[in-house]
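*Asks:* Kindly return the folded structure for what I paste below:
(chains A, B, C and D)
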There are 2 protein chains.
Amino acid sequence: MFAEPTSPHLKVYISVVHKLKEMIQNDRLTSGDRLPSERELSERLGVGRSSVREAFRALELLGLIETRHGEGTFLRDFRDHHLVELLGMFILQHGQAENDVAEMKEWIEIAGIKRLLSGHEEMIKSLADSILLRFKQGELTSISQIKSFLLKSSGNQLAYKVWLVLHDFDKGKAKDGKSLEEENINKLKEALLSKNIDFIRSFCTMTR
Amino acid sequence: MFAEPTSPHLKVYISVVHKLKEMIQNDRLTSGDRLPSERELSERLGVGRSSVREAFRALELLGLIETRHGEGTFLRDFRDHHLVELLGMFILQHGQAENDVAEMKEWIEIAGIKRLLSGHEEMIKSLADSILLRFKQGELTSISQIKSFLLKSSGNQLAYKVWLVLHDFDKGKAKDGKSLEEENINKLKEALLSKNIDFIRSFCTMTR
DNA sequence: TTTAACAATTGGTCAGACCACATCATTTTC
DNA sequence: GAAAATGATGTGGTCTGACCAATTGTTAAA
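*Replies:* Residues are numbered from 1 along each chain as shown, chains lettered A, B, ... in the order given. Model (predicted):
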């Protein structure tokens, strides 16, 4: 996955990262599962413990794994990643990146909802009802939460996950606190039923 | 920046990351500049070299720094970060429905090209000409390559990177070998100039 | 049964060794 | 004198072994 074109001397810690990746998918490990100990990995892979640690530390900084002193190393839920902080630390000083994030997030929102609208009439209706209900119950209180709900329901789980990541980055910049009246929800419901993409698009961009 | 609520025992390599960050800001270091050597940092910060290395390896995996054997460690352009690949590696691992990948890829293609078409007439024209020229020169030989070229030019570098990752995963499934005649390229050029989204959409889905 | 002490496992950190690579000054060679 | 071989030095790459600290499970004592 990473460039290793000219050099046949792939760094050991990188190879460990790759091995871990394989191990995770082969053994179907999911968040919370434990990874082998540093010493065991060191033996099994025939590399020094320090190399294993370099790989672990890198993944830990990313928030992809979690290490607990005396217990072991565990896989984390990807949603807990620290990329936000990390990139904020080093990247987001660069204005361009922020725009890219916001824009791409919007692309996913629109495309995802469009996909949703291509589904059965019944499904859309019950979804719209569900949104209204949840709003009244105080479960959905912001535009972002509604968008999240819609995307999760849209059927493309990958796009939903990516959206979550982008949303993390974008958060703070977007003004998501806008008053959300029942009026708006009803309009949204109508727009969904009538497949009024234009309104939906304006709804999605309400936060900026 | 990172959570260190209960534990007063901040891991050493994390503190090194922080020190590096300060160092970078205080000394106004930019991409290409050299960072102190591992041994020097180890002394200056009063920590073991292995801890410095753990911090360096983490930042290297992220693509924030670059390490050259025998030379030293250098700051990279933040825009080259490997974040997308890393996330892809772990988000896409769970046998994500291949359909999701292909679909999302398409979303990015369409949205990216739409964005492109909202640019200046001149730009679009020269871009179309450029594609035709490169095709004749044998530089662009497949539909994917053309899409890649278009997306890279579209302006959203983040979306382009994500597309590349998705393409990596999608590759092999798509039949990209379809005969690509100059005829097709000319039609694409026309479609770009006339902003014929429908044709472009069909062009993008030609590989499946 | 409950509690206390202990042993084993695991991560956290450091120090030192050795190799490979790059650079530059020095020396040798032509 | 110019070019090529040489070697010293600095740097990253990796491994090993040591020791500390946190956690857990086992065992022995109360």
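*Asks:* Quick check: nearest residue in space to residue A:136, chain neighbours excluded?
*Replies:* Excluding the flanking residues, the one nearest residue A:136 by Cβ to Cβ, 6 or more residues apart in numbering or on different chains is residue A:182, at 7.5 Å. Heads up, the C-betas are built off the backbone N, CA and C, glycines and all.
*Asks:* residues in contact with that neighbour?
*Replies:* Listed by Cβ atoms under 8 Å, 6 or more residues apart in numbering or on different chains, the contact set of residue A:182 reads A:132, A:135-136.
*Asks:* For ChimeraX, write a command that selects the buried ones of those residues.
*Replies:* Filtering these down to the buried ones (16 or more other Cβ atoms under 10 Å in any protein chain shown) takes a single ChimeraX command:
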select /A:132,135
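*Asks:* want to throw the contacts of residue A:182 into TSV with secondary structure?
*Replies:* Output for the contacts of residue A:182, formatted as TSV (DSSP: H, G, I helix; E, B strand; the rest coil):
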residue	secondary structure
A:132	helix
A:135	helix
A:136	helix
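*Asks:* how near is the residue nearest to residue A:136 to residue B:147?
*Replies:* 43 Å (Cβ to Cβ, to the nearest Å).
*Asks:* Repeat that for residue A:121.
*Replies:* 34 Å.
*Asks:* Of the two, which one has the most company?
*Replies:* Between residue A:121 and residue B:147, counted using other Cβ atoms under 10 Å in any protein chain shown, the more crowded position is residue B:147 (25 against 8).
*Asks:* Which residue lies closest in space to that one, excluding its sequence neighbours?
*Replies:* Per Cβ to Cβ, 6+ apart, closest to residue B:147 is residue B:109, 5.7 Å.
*Asks:* and the one you found, what does it touch?
*Replies:* Contacts of residue B:109 (Cβ under 8 Å, 6+ apart): B:147, B:150-151, B:163, B:204.
*Asks:* Equivalent analysis for residue A:12, please.
*Replies:* Counting by Cβ under 8 Å, 6+ apart, the residues that residue A:12 touches are A:47-48, A:51.
*Asks:* which of those come close to DNA strand D?
*Replies:* With Cβ under 7 Å from any atom of the strand as the criterion, the contacts of residue A:12 include A:47-48, A:51 near DNA strand D.
*Asks:* Output those in JSON lines; the columns should cover distance to DNA strand C, neighbour count and pLDDT.
*Replies:* Converted to JSON lines, those look like this (distance: Cβ to the nearest atom of the strand, whole Å; neighbours: other Cβ atoms under 10 Å in any protein chain shown; pLDDT from 0 to 100):
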{"residue": "A:47", "distance to DNA strand C": "14", "neighbour count": "18", "pLDDT": "97"}
{"residue": "A:48", "distance to DNA strand C": "9", "neighbour count": "12", "pLDDT": "97"}
{"residue": "A:51", "distance to DNA strand C": "11", "neighbour count": "21", "pLDDT": "97"}
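*Asks:* Good, we can wrap up now.
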